[in-house]
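# Compute the structure for the input listed below.
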Amino acid sequence: METVLTEPKTQIVIEEHVILRGVSWKTYEQLMKDHEDRSVPRFTYDSGNLEIYMPSQKHEKKAEFLGDIIKTIAEEREMEILSLRSTTFKKNSVEKGVEPDGCFYLQSYDKVFGLQQIDLEAFPPDLVIEIDVFSPSIDRFPIYAEFRVREIWRYLKDEVKIYLFNGRNYVESNESLVLPKITDELLTRWLAESETLKRSLWLKNMRDWETNN
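Numbers count the residues shown, from 1 in each chain. Alright, predicted model coming up:
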């Protein structure tokens, strides 16, 4: 197992990854079944390659804060929202699977409202969060493309980037389509402020921005 240690300022970040090659789809499915009631470890599978990782505290905090941004803006805009958190995307026909750091229905909310079990291939979420404290070994974007997820917010190297699905793959955009007027620059700033401001003030600043824009 590869253990990565870095030391930004006084905080030590520990995130563990192991990459296995030549793993069968049957083995992956059994692993998912064995861990279906646990939040860790998390798994990504793509055509025989299996990544197993234990997210760090920094990883989980960034995911939580980005999720808070989505929920706050949706609330201010009076948009219905459904979060499936880190639900498993799994597609047998192409042998791909991934667990996002967050996924949300906004524009597609009415399509899934009341469903006890959502078919992610038929009704993909509008927005997915990906937190990369360290660059992942398996590219998850092609997996999300198989499900036609409309938009991805990806945190990497202290920046948030927005990617939109164009029908084949993902292209970088300065502005969200799922939440118009929300830009990559704004997301990066808000995420940085989440570490320096108390939560109540941080949320108030976002709501004030939404009111004035």
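# where do the strands sit along this protein?
If DSSP state E is used as the criterion, the strands of the chain fall at 2-6, 13-20, 42-46, 49-54, 82-83, 89-91, 96-98, 102-105, 127-132, 151-156, 159-165, 170-173.
# Switch the ones you listed over to a markdown table, and while doing so, append mean neighbour count to every line.
For every residue, glycine as well, the C-beta is placed using N, CA and C. Output for those, formatted as a markdown table (neighbours: other C-beta atoms under 10 Å):
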| stretch | mean neighbour count |
| --- | --- |
| strand 2-6 | 11 |
| strand 13-20 | 16 |
| strand 42-46 | 21 |
| strand 49-54 | 19 |
| strand 82-83 | 16 |
| strand 89-91 | 20 |
| strand 96-98 | 24 |
| strand 102-105 | 24 |
| strand 127-132 | 23 |
| strand 151-156 | 21 |
| strand 159-165 | 19 |
| strand 170-173 | 14 |
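# Output those in a markdown table; the columns should cover distance to Lys61.
Shown next, in a markdown table, are the strands of the chain (distance: least, C-beta to C-beta, whole Å):
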| stretch | distance to Lys61 |
| --- | --- |
| strand 2-6 | 15 |
| strand 13-20 | 11 |
| strand 42-46 | 16 |
| strand 49-54 | 15 |
| strand 82-83 | 17 |
| strand 89-91 | 23 |
| strand 96-98 | 21 |
| strand 102-105 | 12 |
| strand 127-132 | 9 |
| strand 151-156 | 10 |
| strand 159-165 | 14 |
| strand 170-173 | 24 |
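# give me the number of residues near Asp126?
21 (other C-beta atoms under 10 Å).
# Ramachandran coordinates for it?
Backbone torsions of Asp126, given as degrees, to the nearest 10, read phi -80, psi -30.
# low pLDDT regions in this structure?
Within the chain, the segments meeting pLDDT under 70 span 1-15, 134-136.
# Just want the most central residue of it.
Centroid check for the chain by C-alpha atoms, centre = their mean gives Ile129 as the closest residue, at 2.0 Å.
# Let me see the contact set for it.
Contacts for Ile129 were tallied using C-beta atoms under 8 Å, 6 or more residues apart in numbering; they are Ala63, Leu66, Gly67, Ile70, Pro100, Asp101, Gly102, Cys103, Ile152, Trp153, Arg154, Tyr155.
# So which of the strands of the chain is nearest His35?
strand 42-46 (7.6 Å; C-beta to C-beta).
# Please identify which two of the contacts of Ile129 are farthest apart in space.
The widest separation within these (C-beta to C-beta) is 14.7 Å, between Cys103 and Tyr155.
# Dump the helix ranked longest in the chain to PDB, restricted to CA.
When the chain is parsed with DSSP state H, its longest helix is helix 57-76. Extracted C-alpha coordinates of helix 57-76, given in PDB (Å, rounded to 0.1, in the frame of the first residue of the first chain):
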ATOM      1  CA  GLN A  57      -9.600  14.400   7.000                       C
ATOM      2  CA  LYS A  58      -8.700  17.100   4.500                       C
ATOM      3  CA  HIS A  59     -10.400  15.100   1.700                       C
ATOM      4  CA  GLU A  60     -13.600  14.700   3.700                       C
ATOM      5  CA  LYS A  61     -13.700  18.400   4.900                       C
ATOM      6  CA  LYS A  62     -13.400  19.700   1.300                       C
ATOM      7  CA  ALA A  63     -16.200  17.400   0.100                       C
ATOM      8  CA  GLU A  64     -18.400  18.500   3.000                       C
ATOM      9  CA  PHE A  65     -17.800  22.200   2.300                       C
ATOM     10  CA  LEU A  66     -18.500  21.900  -1.400                       C
ATOM     11  CA  GLY A  67     -21.700  20.100  -0.600                       C
ATOM     12  CA  ASP A  68     -22.600  22.900   1.800                       C
ATOM     13  CA  ILE A  69     -22.100  25.400  -1.000                       C
ATOM     14  CA  ILE A  70     -24.400  23.500  -3.300                       C
ATOM     15  CA  LYS A  71     -27.100  23.100  -0.700                       C
ATOM     16  CA  THR A  72     -26.900  26.700   0.400                       C
ATOM     17  CA  ILE A  73     -27.200  28.200  -3.100                       C
ATOM     18  CA  ALA A  74     -30.000  25.800  -4.000                       C
ATOM     19  CA  GLU A  75     -31.900  26.800  -0.800                       C
ATOM     20  CA  GLU A  76     -31.400  30.500  -1.600                       C
END
